[in-house]
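>>> build me a model from this:
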Amino acid sequence: MKDARRAAARRRIAVLGGLGAGSLALFVLTVAFGSYPVPLGEVVRVLTGGTPDDPRWAVIVQQVRLPRAVTAVAVGAALAVAGAQMQTLFRNALADPFSLGLSSGASLGVAAVVVTTGGVGATFTASLAGLGRIGVVLAAALGSGTVLALVLLLSRWVRNAVTLLVIGVMIGSATTALVSVMLVYARPEAAQQFVMWGLGSFAATTWDDLAVMLPVIAAGLAAALLTTKGLNALLLGEEYARTMGLDVRRARDLALLGISLLAGAATAFCGPVAFLGLAVPHLVRVALGTSDHRVLIPGAMLGGAFLALACALLSQPPGTDAVLPLNAITSLFGAPVVIAFLVRSRRGVQGGNPA
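Numbers count the residues shown, from 1 in each chain. Predicted coordinates:
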C-alpha cells in the first residue's frame, strides 16, 4: 500500500514537473516565433532584462509577443480550472466553463455594441461611449455578469445541480438566439467583425488589459484553491457531502462565483475560447491518475497553460503574416490528441478517486 502511494506521488510530481517545464519552453517559443523571427538567445536576453543586438527585437518581444504569451498562460489556466470545477460541481463530463451561458452573455454584450454603435471600427476595439477597447471588454463583462446573476438567483430555488446546469444551458441557448436576432440589424462589416471576435484570440491584449485581467483571474484561481475540500466531498454526490457537514449550497455558490471570474475575464478579453475548459481537466485527471482537487487544480493550471501556449504558437505560423482562428486551432489540434490520449488510457475520463 505504501509502495503504491509512493509510486502515485512520484507520478504526480513527474507530471506536474513535466507540465511546468513544457509550459516554460513553449512560453519562450511563443515569444520567439511569429511573422518576424527573433533568435532564441535574444528572446532570453530581453526576458532577463538585457539589451538585444537589434532594438526592434525588444519592441517585438516586450510589446507584442510577451503580452500574447502571458495572456495564453492566464486564460489557459483560468479556463482549465473553471472546467474542472464545473465537471465536479455538476457531475457531468461534458460540462465546461461556458455551460451556464457566461460566454453567450458576453457575446450578447458585444453584440449590443455592434448594433447600437454600428460596429466598433476596423480593429473591433473602438466606441461604446468613447471608451475604446475597454468599452468592448466592459460590455462583455456586463453581459456575462448579468447571466451569472440570473443563474445564481435561480440557484436559490433549485436544489439539484443537474437541473441548474440544464437551466444554464437553456439560458445560454436563449441568449445566443437573441444575439443572432440582434446581428440581423448590424452592418454586414460589423457583423463580420463580431464573428471574428467569436473565434477567440490571445493576440489582442495589451499590458493595460493585463493589468485588469490578471488580478481577476488570480482571484478566481485563489478561490478555486480554497474550495478543493468541498469539491472533493462533492465527488461522491451532494447527499454524501451533506453528511460530511458541507453546506452544499454555499459551496456551490462560491464555486460558481469563482468560475464566473475565470470564464468572464477570459471571454471579455479574448473572446469565447473553446475546448480548453472541456478537455484539459480530463487530460490532467488521466495523467495524474486522480480526481483529488488538491492535485487536480494545480495540474489544470499547468495543463491549461501548456495547451493554450501550444495553440497560440500554432495560430501564428512562423515566417508568415497569417493568423489562424484560435478556436479552429484548439479544436483541430486538440481534439485528436485528447481522443487518442483518452482511448489509450485505462482510466477513462472520470479519473481516479480523491485519495
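>>> okay, now the residue nearest to residue 178 when sequence neighbours are not counted: neighbour count?
Spatial nearest neighbour of residue 178, excluding adjacent residues (Cβ to Cβ, 6 or more residues apart in numbering): residue 108 at 6.2 Å. Bear in mind the C-beta positions are built from the backbone N, C-alpha and C, glycine included. A count of nearby residues for residue 108, using other Cβ atoms under 10 Å, gives 23.
>>> which strands and helices sit next to the helix or strand hosting residue 108?
Here residue 108 sits within helix 102-117, counting by DSSP states H and E. Other elements packing on helix 102-117 under the criterion 3 or more Cβ pairs under 8 Å, 6 or more residues apart in numbering; DSSP states H and E are helix 133-155, helix 161-184, helix 188-198, helix 248-270.
>>> the first one - what's its average pLDDT?
Read that as helix 133-155. In this model, helix 133-155 has a mean pLDDT of 74.
>>> who does it touch, helix- and strand-wise?
So helix 133-155, by 3+ Cβ pairs under 8 Å, 6+ apart, packs with helix 102-117, helix 161-184, helix 207-226, helix 248-270.
>>> by mean pLDDT, show me the worst of those helices.
Across these, helix 102-117 gives the lowest mean pLDDT, at a mean of 77.
>>> buried residues, the longest helix seen in the chain. List them.
Looking across the chain with DSSP state H, the single longest helix is helix 2-32. Burial within helix 2-32, assessed by neighbour count using 16 or more other Cβ atoms under 10 Å, is assigned to 8, 12, 15-16, 19, 22-23, 26-27, 29-32.
>>> okay if I get the residues you listed as TSV plus pLDDT and distance to residue 303?
Below are the buried residues of helix 2-32 laid out as TSV (pLDDT from 0 to 100; distance: Cβ to Cβ, whole Å):
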residue	pLDDT	distance to residue 303
8	82	18
12	90	13
15	92	9
16	93	9
19	94	6
22	95	10
23	95	9
26	94	12
27	94	14
29	90	17
30	90	16
31	88	20
32	86	22
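>>> closest to residue 161 out of those residues?
residue 12 (27.8 Å; Cβ to Cβ).
>>> surely the closest one meets residue 292?
No - under the criterion of Cβ atoms under 8 Å, residue 12 makes no contact with residue 292, lying 9.2 Å away.
>>> name the residues of stretch 247-266 that come out as buried.
Result for stretch 247-266 [16+ other Cβ under 10 Å]: buried residues 248, 251-252, 254-266.
>>> wait, what's in contact with the spatially most central residue of the chain?
Centroid check for the chain by Cα atoms, centre = their mean gives residue 79 as the closest residue, at 2.4 Å. Residues in contact with residue 79 (Cβ atoms under 8 Å, 6 or more residues apart in numbering) are 96-97, 262-263, 266, 273, 276-277, 280, 304, 308.
>>> follow-up on the earlier one: which one of the buried residues of stretch 247-266 is nearest residue 206?
For those, the nearest to residue 206 is residue 265 (14.9 Å; Cβ to Cβ).
>>> find the nearest non-adjacent residue to that closest one, please.
That would be residue 216: by Cβ to Cβ, 6+ apart, it lies 4.2 Å from residue 265.
>>> and residue 28, by the same measure?
residue 43 (6.0 Å).
>>> does the residue nearest to the centre of the chain count as helix, strand or coil?
Under DSSP: H, G, I helix; E, B strand; the rest coil, residue 79 falls in the helix class.
>>> pull the residues that contact stretch 293-306.
Outside stretch 293-306, the residues touching it (Cβ under 8 Å, 6+ apart) are 12, 15-16, 19-20, 22-23, 26, 72-74, 76-81, 83-84, 88, 221, 224-225, 227-229, 231-232, 276, 280-281, 283-285, 287-288, 290, 351, 354.
>>> how close does the closest residue to residue 66 other than its chain neighbours get to residue 73?
Leaving out its chain neighbours, the residue that sits closest to residue 66 by Cβ to Cβ, 6+ apart is residue 31, at 5.9 Å. Using Cβ to Cβ, to the nearest Å, residue 31 is found at 11 Å from residue 73.
>>> out of the contacts of stretch 293-306, which are buried?
Buried subset of the contacts of stretch 293-306 (neighbour count, 16+ other Cβ under 10 Å): 12, 15-16, 19, 22-23, 26, 72-74, 76-81, 83-84, 88, 221, 224, 227-228, 231-232, 276, 280-281, 283-285, 287-288, 290, 351, 354.
>>> thinking again about what came up before, the residue nearest to residue 28 reaches residue 60, doesn't it?
No - taking contacts as Cβ under 8 Å, residue 43 lies outside contact range of residue 60: 9.4 Å.
>>> poorly predicted segments of the stretch 201-350 of the chain, please.
319-320, 334, 337, 341-342, 344-350 (pLDDT under 70).
>>> ok, back up a step: give the other helices and strands that the longest helix of the chain contacts.
Checked by 3+ Cβ pairs under 8 Å, 6+ apart, helix 2-32 has helix 40-47, helix 66-89, helix 276-288, helix 293-315 packed alongside it.
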